[in-house]
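J.: build the 3D model from these lines:
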Amino acid sequence: MIEKIMIQLDDNQLDASRPHRHQGAETASIWLDCFPDNQMGRSLYLINGSNEILTWVRACPISSVTIDDNAFGGGGEMLCYQDVAHGQAVKIDQYDEFYDLDYSISVEVSLFSECLGQQRFSPTPRKGGLKKVGLVWRTTRTADNGNVTR
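T.: A predicted model of the protein is given here:
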């Protein structure tokens, strides 16, 4: 059973954890990242770096293992959080550094906010568990006419 944990990150922690793409022209406003966990190895958190409150967040871990030509899969328990504010991180999965290496692990995340509406994400599974994955991106690229697009 995964313990529900919500932590507050300061601006320095947010910037250190935030993924970038396209040579830094786009930054994630909502993303997944792992933090060390003394009990299990590491825990996966959804981080809200946007400027709005996520009304609700639901997450369900998904794992599979292949043995010879057979694949076996399963899901975990759903975790639900409400009113996830800017700078907050909510625990959605945990990984064992040894035993989970044989499993392809992902998570299905659904969230709702006033601006985004309802969104659903299913990152590509990764052996040993997910690491850092951007879910919602914001761009700071300059358009041809000199205006900044977001």
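
J.: helices of the protein, residue ranges please.
T.: Applying DSSP state H to the chain gives helices spanning 11-17.

J.: by mean pLDDT, point me to the weakest helix or strand of it.
T.: The weakest-scoring helix or strand in the chain, judged by mean pLDDT, DSSP states H and E, is strand 70-75 (a mean of 72).

J.: now do it: distance to the chain's middle.
T.: 22 Å (Cα atoms, centre = their mean, to the nearest Å).

J.: then stretch 126-141?
T.: With Cα atoms, centre = their mean, you get 7 Å for stretch 126-141.

J.: and the angle for the longest strand seen in the chain with strand 70-75?
T.: Secondary structure assigned by DSSP state E gives strand 54-67 as the longest strand of the chain. For strand 54-67 against strand 70-75, the angle by axes from the mean of the first three to the mean of the last three Cα atoms, to 10 degrees is 160 degrees.

J.: show me what residue 32 is bridged to.
T.: Applying DSSP bridges to residue 32 gives these bridge partners: residue 46, residue 133.

J.: any idea how many residues pack against it?
T.: Neighbour count for residue 32, taken as other Cβ atoms under 10 Å: 26. All C-beta spots, glycine's among them, are computed from the backbone N, C-alpha and C.

J.: from memory it sits against residue 135, does it?
T.: Yes - with contact defined as Cβ atoms under 8 Å, residue 32 counts as touching residue 135 (6.7 Å).

J.: pull up the overlap in contacts between the two.
T.: The contact sets of residue 32 and residue 135 overlap at 46, 109, 123 (Cβ atoms under 8 Å, 6 or more residues apart in numbering).

J.: closest to residue 16 among these?
T.: residue 46 (16.6 Å; Cβ to Cβ).

J.: what's the pLDDT at the closest one?
T.: With respect to pLDDT, residue 46 scores 97.

J.: same question for the one 10 residues further on.
T.: Looking at residue 56, its pLDDT reads 98.
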